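Got a predicted structure plus its sequence, pasted below:
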Amino acid sequence: MIQLQLGEATTGVGASVILQGGEAAQLTGGDVDIISGYSAATTSGSITIETANSGTCGASGSILLQTGTGYEGNSGWVNISTGCAAGTPGSIVVSVGDSDSSSGGGDIILTAGFSTAS
């Protein structure tokens with residue numbers, strides 16, 4: 001097991017972790033792959049990406065899944081899919097948390113891009 005844990009901050013802001021692929025001046029920059037463990041006999045490992053709960057006077061952190069801008073070409077794409085299965089394939093669930101306030105729960109907003117070309 002490899003565990004990377006940064007120290008706690010008793011005052012101020014906790015430390016950050018950045019996983020970044022290498023930069024390239026001429027060709028494609030380096031990739032960052034996060035792949036769970038394989039099992040020859042049973043279930044492969046899971047990958048969990050989540051923010052921690054907030055303190056008593058704050059909000060939990062956000063998760064941003066975004067590609068970069070393509071300045072002279074296309075931007076990257078985001079693919080959310082389940083794998084094929086001999087049995088039942090996995091589901092994709094998009095949900096918003098409940099609220100204890102009168103403002104109600106959050107929204108799910110799906111927006112398609114537009115073209116500025118004429």
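Nice, thanks for sending it over.

Skipping adjacent residues, who's closest to the residue nearest the centre of the chain in space?
The chain has residue 65 as the residue nearest its centroid, 4.9 Å off, counting by Cα atoms, centre = their mean. Counting by Cβ to Cβ, 6 or more residues apart in numbering, the nearest residue to residue 65 once its immediate chain neighbours are dropped is residue 78, at 6.2 Å. In this view, the C-beta of every residue, glycine as well, is placed from N, C-alpha and C.

From residue 112, how far off is the one you found?
Distance, residue 78 to residue 112, using Cβ to Cβ, to the nearest Å: 13 Å.

In terms of neighbours, single out the busier of these two.
residue 78 (8 against 4; other Cβ atoms under 10 Å).

While we're on the more buried one, how confident is the model there?
Model confidence at residue 78, expressed as pLDDT, equals 88.

And residue 53, by the same measure?
Looking at residue 53, the pLDDT reads 87.

excluding its backbone neighbours, what's nearest it?
Nearest one to residue 53, counting by Cβ to Cβ, 6+ apart, is residue 60 at 5.8 Å.

Who are the contact partners of that neighbour?
Residue 60 sits next to 51, 52, 53, 54 when contact means Cβ atoms under 8 Å, 6 or more residues apart in numbering.

Check the secondary structure at it for me.
Here residue 60 is recorded as coil under DSSP: H, G, I helix; E, B strand; the rest coil.

mind checking how far it is from residue 50?
Noted for residue 60: a distance of 9 Å to residue 50, by Cβ to Cβ.

Also residue 20?
21 Å.

Okay, and the residue nearest to residue 67 when sequence neighbours are not counted sits in which element?
Excluding the flanking residues, the one nearest residue 67 by Cβ to Cβ, 6+ apart is residue 76, at 3.5 Å. Here residue 76, judged by DSSP states H and E, is contained in no helix and no strand.
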